[in-house]
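A.B. asks: Okay, predicted coordinates and the sequence, questions at the end:
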Amino acid sequence: MNLPRPALVVSLLLCLAAATPALAQTAPPPAPLPASAASAPTLEAVTVSGVQPGPGLWKAPRGEHSLYILGTLSPIPRDVTWKSDQIDDALSHSGALILPPKVEIKPNVGFFGRLALLPSLIGVRNAPDGATLKDTVPPDVYQKWLAVKARYIGDDRKVERYRPIFAVIELYKQAVKKAGLRKSGDITRTITDLATKHNVKQVPVSYTLLVDDPRSVVKEFKRSTLDDVSCFTQSVENIDAQLTDMASRANAWSTGDIAGLRDNRRAKQLQACLDAVTEGGVAQRAGIADVPHEVRTRWLATVDETLAGTPQAVAIVPIDDLLGDDGYLAALKAKGYTIESPDDL
């Protein structure tokens, strides 16, 4: 199984949660904070700003056809502007732009079936049987959680009732804001605007998983537990270091430093969180465990089909999907493509 990007981990979780926000719940007040928590300083992650060269393009030629790939990263520095000259030039000579892979997970029911599903979604992010994080994770890990929660989330009571992995998602969402980082959606918008300017066809890559009997899946999920304590523990213990790593990787992406984009600690943590999502019985029965493999297979097929009709194309792929032994670049090489890194070019 290839290691998916963080967004796919969240997408898989939201599939189990039927992709609907939980309604606010009344939760008990959290336990008293350890003395160090209130005084713990907020991490100041320094990131580059202004106009930067931005990431280079990978080139994957095979025969007379070539694919240029831009690896995107999220989050990126809030105040950075990247130069788009290289990808603008590549698009001007291309016949197609392959869009980032998209995962859609939908209940396999009609409109009225979805309405009937809504009542069962209340509290779907919450731990079973009214348990709180204090009940769910080891005491020493919970004390560390209280410290980082105070630093990045504040006095949010409802998160105490979340399953550990959903609490981690909220922690990272708030911490990224405080670190001066932002989502990278405008990168894709910039590139699609360039494709429109050059009249380049935009090719979607989408995979839809239809969940049969979603009410049964939701009910079973709400009763079940996830093996997510390891994901929670690593996330809580590494949050400050991870924010520093995020800032460093964001700077590396902005300045075109490919070596600086590799992060083995982050990859290990992502895998722990992915396993928590995909290895449970509910995920297996719903077909969620197969999603990362199916998405990569769909992307590779789209590349072959697109290049069969044009000598050159450009693709946008999250950097976490590209790199690694099981990444998309390795898969392209296994299919006979030559991989040239931005440094080589």
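C.D. replies: Good, I have the coordinates.

A.B. asks: on contacts alone, who are the packing partners of the lengthiest helix in the chain?
C.D. replies: Scanning the chain for the longest helix, with DSSP state H as the assignment, gives helix 229-255. Using 3 or more CB pairs under 8 Å, 6 or more residues apart in numbering; DSSP states H and E as the contact criterion, the neighbours of helix 229-255 among helices and strands are strand 76-77, strand 80-82, helix 139-152, helix 164-178, strand 181-182, helix 264-278. Glycine gets a C-beta too; all of them are placed from N, C-alpha and C.

A.B. asks: orientation of it relative to helix 139-152 in degrees?
C.D. replies: Helix 229-255 and helix 139-152 are oriented at 40 degrees to each other (axes from the mean of the first three to the mean of the last three CA atoms, to 10 degrees).

A.B. asks: Helix 229-255: which residues count as buried?
C.D. replies: Within helix 229-255, the residues that qualify as buried by neighbour count (16 or more other CB atoms under 10 Å) are 229, 231-240, 242-254.

A.B. asks: Now stretch 323-333: average pLDDT?
C.D. replies: Averaging the model's pLDDT scores along stretch 323-333 yields 88.

A.B. asks: just stretch 240-260 next, same as before
C.D. replies: 78.

A.B. asks: neighbours around the closest residue to Ile165 other than its chain neighbours, how many?
C.D. replies: Taking CB to CB, 6 or more residues apart in numbering, and ignoring the residues beside it in sequence, Ile165 has Asp228 as its nearest neighbour in space, at 4.0 Å. Around Asp228 sit 24 other residues, with neighbours defined as other CB atoms under 10 Å.

A.B. asks: Might you list the low-confidence residue ranges for this structure?
C.D. replies: Screening the chain residue by residue with the criterion pLDDT under 70, one finds the ranges 1-54, 79-81, 106-124, 184-185, 213-226, 262-272, 274-289, 344-345.

A.B. asks: Please repeat the previous calculation with a cut-off of 50.
C.D. replies: For the chain, residues meeting the criterion pLDDT under 50 lie at 1-45, 111-122.

A.B. asks: that older thread, wait, doesn't the residue nearest to Ile165 sit right on Val236?
C.D. replies: No - under the criterion of CB atoms under 8 Å, Asp228 is not in contact with Val236, lying 11.8 Å apart.

A.B. asks: hmm, back to that, please report how far the residue nearest to Ile165 lies from Ile105.
C.D. replies: Relative to Ile105, Asp228 is positioned 19 Å away (CB to CB, to the nearest Å).

A.B. asks: again, but for Ser230
C.D. replies: In this structure, Ser230 lies at 24 Å from Ile105, with CB to CB as the measure.

A.B. asks: ok, now Gln234?
C.D. replies: 25 Å.

A.B. asks: Kindly report the same for Cys231.
C.D. replies: Counting by CB to CB - Cys231 and Ile105 are separated by 20 Å.

A.B. asks: go on, Pro139?
C.D. replies: When distances are taken as CB to CB, Pro139 and Ile105 turn out to be 35 Å apart.

A.B. asks: cool, Lys149 as well?
C.D. replies: In this structure, Lys149 lies at 29 Å from Ile105, with CB to CB as the measure.

A.B. asks: next one: Leu171
C.D. replies: In this structure, Leu171 and Ile105 are 23 Å apart, going by CB to CB.

A.B. asks: Please apply the same query to Val159.
C.D. replies: Distance check for Val159 against Ile105: by CB to CB, it reads 24 Å.
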